[in-house]
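> Next input, structure requested:
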Amino acid sequence: MDDLDSTLATLLAKPEPSTEAINGSRDRLNKRMRGRRRVGWLVPGLGLATAAAAAAVAVIATGVTAPAAAPASAREVLLMAAVSAERTPEGSGDYWHVTRKWSDPEMPQEESWTSRDGRRWSKGEPGDPPDAVVTDPAPLALKGVKVTLEDLDRLPTDPEALKARIDELPGDDSGLRASEARNLSLFALITELPAPSEVRSAAFRALATLPEVKRTGTVDNGEELLIADPDGKLEIKLVIDPDNARVMRTNYLVADDGSLAGGPVGFISVTTGWTDQPPQ
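Numbers count the residues shown, from 1 in each chain. Next up is the predicted model:
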């Protein structure tokens with residue numbers, strides 16, 4: 001049982017509050033609810049367990065769920081996504097399907113399919129003939145080197161152990177600093193790689209420890225975060241749907257060699273998942 005579940009269990013085990021306490025709580029909640037917009041499910045300034053406890057008290061005291069406010073920080077967004085990732089089924093299918101749609105209308109939609117034995121096909125990627133699915137030799141890669149599904153399955157599910165394991169990987173990181181290569185690898189695990197649910201959860205938690213990750217606001221389909229380069233030369237913007245632990249769009253993606261593909265302007269919408277539908 002994690003901290004959030006433990007907190008809820010403790011609250012629910014307590015006797016019901018008195019009528020006086022219920023009325024007092026209802027009055028205080030009604031005052032706070034007036035004029036508040038419904039935008040999320042965490043209370044600003046509270047951690048996951050504390051926010052869950054506050055929500056549980058509201059339900060016990062009033063019988064209704066009070067509208068929640070947007071998460072106050074990138075850390076809260078990433079921890080919410082980590083919880084969702086851990087509890088989301090991995091899905092099944094013969095192919096890991098990735099679709100990328102660029103905000104630039106001149107850029108074609110890109111798709112790739114990777115079978116469980118490592119074979120890969122692509123459509124619309126640079127060098128591909130128009131509207132044709134082709135065999136693509138580019139493998140799944142982490143930190144710029146080939147990885148298999150088995151390699152991803154064996155990654156640690158503890159965030160600190162995951163960061164340490166990535167640091168140990170001998171990879172082609174395109175001359176990036178060790179911290180940059182690690183952060184981009186964590187980013188790749190939550191965007192396009194078919195990592196298991198618990199590994200994705202660990203990657204979200206690891207990213208939540210980075211001081212350079214900031215929340216810039218609530219936008220369509222999620223929360224926008226900014227991963228800033230310590231030197232100020234690079235800013236990765238991404239929109240996360242924390243309820244579904246999905247990166248909905250980003251201005252950069254991690255290329256096969258560990259470098260970044262994309263640009264500072266515009267977004268790339270990303271859809272991933274297992275499917276039985278063959279490349280087409």
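> wait, what's in contact with Val213?
Going by C-beta atoms under 8 Å, 6 or more residues apart in numbering, Val213 touches Ala74, Arg75, Leu78, Leu207, Leu225, Leu226, Ile227, Ala228. To be clear about C-beta, it is placed using only N, CA and C from the backbone, and glycine gets the same treatment.
> Specify which member of these is nearest to Ile240.
Among the contacts of Val213, Leu225 lies closest to Ile240 (C-beta to C-beta), at 6.2 Å.
> quick one: the closest one is in a strand?
Yes: under DSSP: H, G, I helix; E, B strand; the rest coil, Leu225 falls within a strand.
> Next up, the contacts around the nearest residue to it once chain neighbours are set aside.
Counting by C-beta to C-beta, 6 or more residues apart in numbering, the nearest residue to Leu225 once its immediate chain neighbours are dropped is Ala74, at 5.0 Å. Residues near Ala74 by C-beta under 8 Å, 6+ apart: Ala208, Val213, Lys214, Arg215, Leu225, Leu226.
> Any quick PyMOL command for the buried ones out of those residues?
Buried members of the contacts of Ala74, defined by 16 or more other C-beta atoms under 10 Å, are picked up in PyMOL with:
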select buried, resi 208+213+215+225+226
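> Rebuild the contacts of Ala74 as JSON lines, extending it with distance to Lys101.
Listed next are the contacts of Ala74 as JSON lines, based on distance: C-beta to C-beta, whole Å:
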{"residue": "Ala208", "distance to Lys101": "27"}
{"residue": "Val213", "distance to Lys101": "24"}
{"residue": "Lys214", "distance to Lys101": "25"}
{"residue": "Arg215", "distance to Lys101": "24"}
{"residue": "Leu225", "distance to Lys101": "20"}
{"residue": "Leu226", "distance to Lys101": "21"}
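> Now for the contacts of Ala74: which two are most distant?
Checking the contacts of Ala74 with C-beta to C-beta, the most distant pair is Ala208 and Leu226, at 14.0 Å.
> hang on, the earlier thing: so which of the contacts of Ala74 is the closest to Ala245?
Ala208 (12.7 Å).
> what are the phi and psi angles of that closest one?
phi -70, psi -20 (degrees, to the nearest 10).
> Likewise for Glu110?
Torsion angles at Glu110 (phi, psi; degrees, to the nearest 10) stand at phi -110, psi 140.
> List of residues touching stretch 83-94?
Outside stretch 83-94, the residues within contact range by C-beta under 8 Å, 6+ apart are 4, 48, 115-116, 190, 196-198, 200-201, 204, 242-245, 273-278.
> Ends of it, what's the gap?
One end of stretch 83-94 sits 26 Å from the other (C-alpha to C-alpha, to the nearest Å).
> buried residues in that stretch?
Within stretch 83-94, the residues scored as buried using 16+ other C-beta under 10 Å are Val83, Ser84, Ala85, Glu86, Thr88.
> Same check on stretch 101-115?
Those would be Lys101, Trp102, Pro108, Glu110, Glu111, Ser112, Trp113, Thr114, for stretch 101-115 by 16+ other C-beta under 10 Å.
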